[in-house]
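Novice: got a sequence here, can you model it:
(chains A and B)
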Amino acid sequence: MPFTLATWNINSVRLREGLVSRLLSSELPDVLCLQEIKTPLDKFPTEGFAALGYRYMVARGQKGYNGVAILSKLPLTDAGDRDYAALGHARHVAARLENGVTIHNFYVPAGGDIPDRAQNVKFGQKLDFIAEMRDVFHADRPEKAILVGDLNIAPREDDVWNHKALLKIVSHTPVEVEHLGAAQDAGKWVDITRQDMPEGRLYSWWSYRSPDWNAADKGRRLDHIWATPDISNAGHGSRILRDARGWEQPSDHVPVFATFDL
DNA sequence: ATGGTAGACCTTCTA
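Specialist: The predicted structure follows:
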């Protein structure tokens, strides 16, 4: 049974409940993974999404910051979470579908502005978070798994608007790309978006600070969909909903989609 | 090299 999955950093699910409903109504993904819900779960707007058929949710929330949720039309069970880098933040949650597939939803720390852990503790925390992902994948050897989320790293030259200009900008520095690559290798994760669209520039985020985001098009691909090799061949139909960046009062990220025939 | 915008929340932190 094929299912379509989407991932979206929503930057406050309470402020943008209407945008999430618009996406669910128009695109009909079976599963939607959200990051930066920025709310405790007792204030999460579950009723509106349930009315659209998304009756299942596995989530972790906190007040004001971070928070991840997996909304689904298909039955889900909670598969736990991990406090990566011991930050005490709600940045990871996992859920299991009835077909045995495990979905990991990640919100990797942005890492601050200065790409040096001696001057910027947030950058060190970001590297530590990703190093722990590597260690966990090495120990656990994930199978039948999908990993999605805002990984806050654009790994390839064609994942950013200007590779050379961004080499010292957090999200595209060589040390971050190296860390993310080690985590990906440790779990043998296949980048499904690039499996489907191997050529050309792809972006999922455009800064709020850049005026005229569409014409300037200074984007980065920070949001990812990965799968383990045992199911990677089932992945297809990837796309990035660039239009969502132009919706009224948008998130700075747009939804990324993939379908799995499983 | 700098500053630019957005969201949550209690005045500043985070992105």
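Novice: from now on I want contacts and neighbour counts done on CA atoms only, so please keep to that.
Specialist: Fine.
Novice: and A:Met57, that one's in a strand?
Specialist: Yes: remark: A:Met57 belongs to a strand, assigned using DSSP: H, G, I helix; E, B strand; the rest coil.
Novice: quick one: residues contacting it.
Specialist: Contacts for A:Met57 (CA atoms under 8 Å, 6 or more residues apart in numbering) come out as A:Ala69, A:Ile70, A:Leu71, A:Ser72, A:Leu76.
Novice: and if we set it to 10 Å?
Specialist: Counting by CA atoms under 10 Å, 6 or more residues apart in numbering, A:Met57 makes contact with A:31-33, A:46, A:49-50, A:69-78, A:95.
Novice: now do A:Trp206
Specialist: Going by CA under 10 Å, 6+ apart, A:Trp206 touches A:212-214, A:216-222, A:242, A:245, A:251-254.
Novice: go again using 7 Å as the cut-off
Specialist: Listed by CA atoms under 7 Å, 6 or more residues apart in numbering, the contact set of A:Trp206 reads A:Trp213, A:Lys218, A:Gly219, A:Arg220, A:Asp252, A:His253.
Novice: just the ones of the contacts of A:Met57 in helices?
Specialist: Mapping the contacts of A:Met57 onto helices (DSSP state H) picks out A:Thr46, A:Phe49, A:Ala50.
Novice: select only the buried ones of those in ChimeraX?
Specialist: The buried residues among the ones in helices among the contacts of A:Met57 can be selected in ChimeraX (16 or more other CA atoms under 10 Å) with this line:
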select /A:46,49
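Novice: may I see the ones in helices among the contacts of A:Met57 arranged in CSV, with pLDDT as well?
Specialist: Output for these, formatted as CSV (pLDDT from 0 to 100):
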residue, pLDDT
A:Thr46, 97
A:Phe49, 98
A:Ala50, 98
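Novice: let's see if you can find the most crowded of the contacts of A:Trp206.
Specialist: Counting neighbours by other CA atoms under 10 Å, the top entry in these is A:Arg220, with 29 neighbours.
Novice: lovely, talk soon.
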